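**Q** give me a 3D structure for the following:
(2 chains)
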Amino acid sequence: MKRQPFLNLAALGVILALVPLVIRSPHWVHVLNMTFYYILLTTSWNLMMGFTGLFSFAHTALAAVGGYASGLLAVKAGLPPAVGIPLGGLAAAVASFLLGVVSLRLRGFYLCLVTWAFAEIAVGILRVEYKITGGTMGLVVPALFPASAGRVPFYYVGLALVLAILLFMIWLSRSRIGIYLRSIRDDELASEALGVDTVAWKVFCFTVCGLWAGLAGAYYGHYIGVVDPGMGSLGEMGLVILMVIIGGMGTLAGPVIGAILVMILSEFLRGSLAAMSMFFFAIVMILVMRFFPGGLMAGLSRLRQIRLGSSRPAQAR
Amino acid sequence: MQCSGVNAPRCTGSGNERIDEVSAAALFTEVLVRGIAIGVVYALMGLGLTLIFGVMRIINFAQGEFYMLGAYVVFFIMTTLSVPFYVALPAGMLVIFVLGVVVERLLLHPIHSQRVQNAMEYSLIITFALSIFFQKTAILLFGPFYKKIPDLLPGNVQLGPVALPGTLFLATILSAFLILAVTLFIGRTRTGRAWRAIAQSLPGASISGVRIDQQSSLVFGLSTALAAAGGAILAPFTLIFPTVGSAPLIKGYEIIAIGGLGSIPGSLVGGVILGVAETLGSVYINSAYKDLYGFGLLMLFLIFRPRGLFGQAS
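**A** Numbering: from 1, shown residues only, chains lettered A, B, ... in the order given. Here you go, the predicted structure:
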C-alpha cells in the first residue's frame, strides 16, 4: 500500500513514454506538450492553494518570469536553452521567494490581492519595456531542439518535467512537510501553536511553486519559440484555476486529470466553437463549485465508496 | 502624453509645448482637481466592494462585470426606449439590482449555511468564474464592438482656474450624490442598522433577529447596482465593451486597500488618493505605467499597513 503511488507513477511514465509511438500526428503531440505545460502549472498551483491554502494569482506571471529570464539569457547572453531552463526556474523561484517574504502576514483575500498586483506589475513591465522584452509582440527565443527534430523530443522533456513534479508531490505529501503545509491550510494559528514554523514553510511553499512555474514557463518559451506578456495574464490564470477546480483541489491526481480533460475538450471545441470554450468552461466551473465541491476526484472517490459499500464519509479534499 | 481616457489632462495643443505654456502650479491644480473628480467615481466602485465585504465577509470578483452590464443595460434602455439618461440610469440600476439578488440567491447562498468549509475561498473562485462567464456572455450577446453613450454635458465646466469636461463634472456630482445617499441609508434606516449589526457581529445580529441570508441578498443587490451606476456614469468616457469592467474592478480593490476594507470614509479618501496618484504619476513620471501606480500603492499598503488608512485593526 505504501509504495502504491510510486508504482502508479512508474506505470503512468511507461505508458506516456510509449504514446509518441502510437500518436503520429504532430498536432496531437503539440496538444500533449501544451498539456504538460499546464500540468506543471496546475500541480504547483495546487500545492499553493490546495495543500497550503495560499490563494495566488501570481502563478502564470511567475511562469512568464521564468520564460523571459531563460529567453533573455539565450537572446542577450547566448546561453543554450538547456542551461537557460533551470536558470529560468531559479529566477522565478527568487521572484516568488521575495513575493512570499513580503506577503507573509497576509492570508485569504489580502494575499490574493497582493499576488494579483504582483502579476499585473510584472506583466505590465514586460509590456512597457519593449526595448528589452519586445513588448506586447513578445520575444522570439531559440528553440530547445532544432526545427528538424520535430515535436517529439519536446514531448519527452515535458514528460520528464511532469514525472519529476509528480514524484516531488508524492514525496512531499507523504513527508512531514506535507503535514505541516496542510496544517497551515486548516488552521494556521493552531499549527503554529503546535510548533510548526509556519513562516518558514509558507516561504518554502512560495519558493518551490515559483521554481516549478518558472521551469514550466521556460519549457514553454523554448518549445513555442516565443514568450509574450499574455503568458502571465489573468485569463491564463483562470484556465489554470479552472483545471484544478474541475479535477479536484487538494488531491494529487486532480490537477493532472483536470489539465488533460480541459486541454482535450478545448481541442474538440475548436473551429466554430473556439470563442465559446471559455464560456462553457466558466459554466462548468460555477456548477462544479456550487454542486460538486471537490471536483472529479471527489466524485470518483464517492463512486468507489458506493461500489465497495463503504460507510466512510467522502473525502472532498 | 496620453490624450484619451479620463485621466488625460485637457488635450489642447501637443503634449510638451503645453506643459511649458502653463505654469507648473496651474498644471498641478488641474491635475489635482481632475484626480479628485475621477477619484469620487472610483469611490463608488470601492463602496460597493466594501459593503459586500463588510456585511457578507466575501469578495466579489465579478463586480467589474456588473459595472459592464450596467453600462450596457443603460445604453440599451436609452436607445430602444429613447429615454434620457436620467431615466435610464435608475432603471438600469434596478435591473442590475435584481440580477445581483438572483446571483446571490443562486450561487452565494451556501455560504450562509455551514455547507461551505471556507466561504472566502468559495466566493473568490465562484465570482472569478462568474466574471469570465459574464464577459463571454457579453461578447456573445453584444459583440466585441464599442458602444457609446452620448456626452451628458457637452463642453467644459469652469471651476475657478480649472476647466473640467462637463461629463466628468456631472459624473462626479452623480457619484457623490449616490455615495451620500447610501451613507445616509446605512446610517439612518432600519435595514442599514441591520447591516451595521451584521458587520459588527454576525452571531449577535443573528440572535437579535436579523435574517442574515435576506440581508446578504439585499446588500449584494445594492452593491452591484452601485457598480452598474458607475459603469453607466463613466460610459461616455470609457465607451462600453465586454471587458470594460476589469479596470474599475482593479481600481475598486486598490481603493479599499488604501482606504481600509469595510470603511466608507476610507473608500472615499482612497478613491481620491488613487485618482490623484494616477494623474500625478502619468503627468510627472511616465504615462505608460499609469495603471501600475495603483498596484504599487496596493502592494505597499497591504504589506506595510494591511488595514489601510481607516480600517479597524483586527
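
**Q** what values do phi and psi take at residue A:53?
**A** When quoted as degrees, to the nearest 10, the phi and psi of residue A:53 stand at phi 80, psi 20.

**Q** from residue A:67, how far off is the residue nearest to it when sequence neighbours are not counted?
**A** Spatial nearest neighbour of residue A:53, chain neighbours left out: residue A:185 (3.3 Å); criterion: CB to CB, 6 or more residues apart in numbering or on different chains. No exception for glycine: its C-beta is placed from N, CA and C like everyone else's. Distance of residue A:185 to residue A:67, computed by CB to CB, to the nearest Å: 29 Å.

**Q** which of these two has more residues huddled nearby?
**A** A count of neighbours by other CB atoms under 10 Å in any protein chain shown puts residue A:67 above the other of residue A:185 and residue A:67, at 35 against 20.

**Q** which element is that one on?
**A** helix A:59-77 (DSSP states H and E).

**Q** and that helix, average pLDDT?
**A** Averaged over helix A:59-77, pLDDT sits at 92.

**Q** list the buried ones in it?
**A** By 16 or more other CB atoms under 10 Å in any protein chain shown, the buried positions in helix A:59-77 come out as A:59-75.

**Q** who does that helix touch, helix- and strand-wise?
**A** Helices and strands touching helix A:59-77, by 3 or more CB pairs under 8 Å, 6 or more residues apart in numbering or on different chains; DSSP states H and E, are helix A:26-46, helix A:81-102, helix A:108-128, helix A:130-133, strand A:139-140, helix A:198-224, strand A:226-227, helix A:234-247.

**Q** list the strands paired with the fifth one, with their directions.
**A** Based on DSSP bridges, the pairing partners of strand A:139-140 within the sheet are strand A:226-227 (antiparallel).

**Q** name the residues that touch the strand it pairs with?
**A** Identification of contacts with strand A:226-227 by CB atoms under 8 Å, 6 or more residues apart in numbering or on different chains yields A:64, A:67, A:68, A:71, A:138, A:139, A:140, A:141, A:217, A:220, A:221.

**Q** one more time with 10 Å
**A** With contact meaning CB atoms under 10 Å, 6 or more residues apart in numbering or on different chains, strand A:226-227 is reached by A:63-72, A:75, A:88, A:126, A:133-134, A:137-141, A:143, A:217-218, A:220-221.

**Q** kindly report the same for stretch B:73-85.
**A** With CB under 10 Å, 6+ apart, stretch B:73-85 has contacts from B:66, B:87-96, B:99, B:142, B:147-152, B:170, B:174, B:228-229, B:231-233, B:235-236, B:239-240.

**Q** just the buried ones from those residues?
**A** The buried subset of those - by 16+ other CB under 10 Å - is B:66, B:88-89, B:92-93, B:95-96, B:99, B:142, B:147, B:149, B:152, B:170, B:174, B:228-229, B:231-233, B:235-236, B:239-240.

**Q** quick one on the thing from earlier: wait, doesn't the residue nearest to residue A:53 sit right on residue A:196?
**A** No. Here residue A:185 does not reach residue A:196: they are 11.5 Å apart, not a contact under CB atoms under 10 Å.

**Q** interface residues of the stretch 1-150 of chain A facing chain B?
**A** Residues of the stretch 1-150 of chain A found near chain B (CB under 10 Å from any CB of the partner chain) are A:49, A:53, A:55, A:57, A:99, A:101-121, A:123-125, A:127-130.

**Q** residues touching the spatially most central residue of chain A, list them.
**A** The centroid of chain A falls nearest to residue A:41 when counting by CA atoms, centre = their mean (1.0 Å). For residue A:41, the contact set (CB under 10 Å, 6+ apart) comprises A:59-60, A:62-63, A:165, A:209, A:212-213, A:216-217, A:220, A:236-237, A:239-240, A:243-244, A:255, A:259.

**Q** and for residue B:65?
**A** Applying CB under 10 Å, 6+ apart to residue B:65 gives the contacts B:127, B:130-135, B:137-138, B:224, B:227, B:231, B:242-246, B:249.

**Q** show me which of those residues neighbour chain A.
**A** Filtering those for neighbours of chain A using CB under 10 Å from any CB leaves B:127, B:130, B:131, B:132, B:133, B:134, B:135, B:137, B:243, B:246.

**Q** any idea how many residues pack against the third one?
**A** When you say that, I think you mean residue B:131. Neighbour number of residue B:131 under other CB under 10 Å is 25.

**Q** in stretch A:178-191, what counts as buried?
**A** For stretch A:178-191, burial by neighbour count (16+ other CB under 10 Å) applies to A:178, A:180, A:181, A:182, A:183, A:184, A:185, A:188, A:191.

**Q** Throw those residues into CSV and include secondary structure, pLDDT and distance to residue B:211, thanks.
**A** Shown next, in CSV, are those (DSSP: H, G, I helix; E, B strand; the rest coil; pLDDT from 0 to 100; distance: CB to CB, whole Å):
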residue, secondary structure, pLDDT, distance to residue B:211
A:178, helix, 91, 42
A:180, helix, 92, 41
A:181, helix, 91, 39
A:182, helix, 91, 36
A:183, helix, 91, 36
A:184, helix, 89, 35
A:185, helix, 87, 32
A:188, helix, 86, 32
A:191, helix, 90, 36
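
**Q** which two among the residues you listed are spaced furthest apart?
**A** Farthest pair in the buried residues of stretch A:178-191 (CB to CB) is A:178 and A:188. Separation: 15.9 Å.
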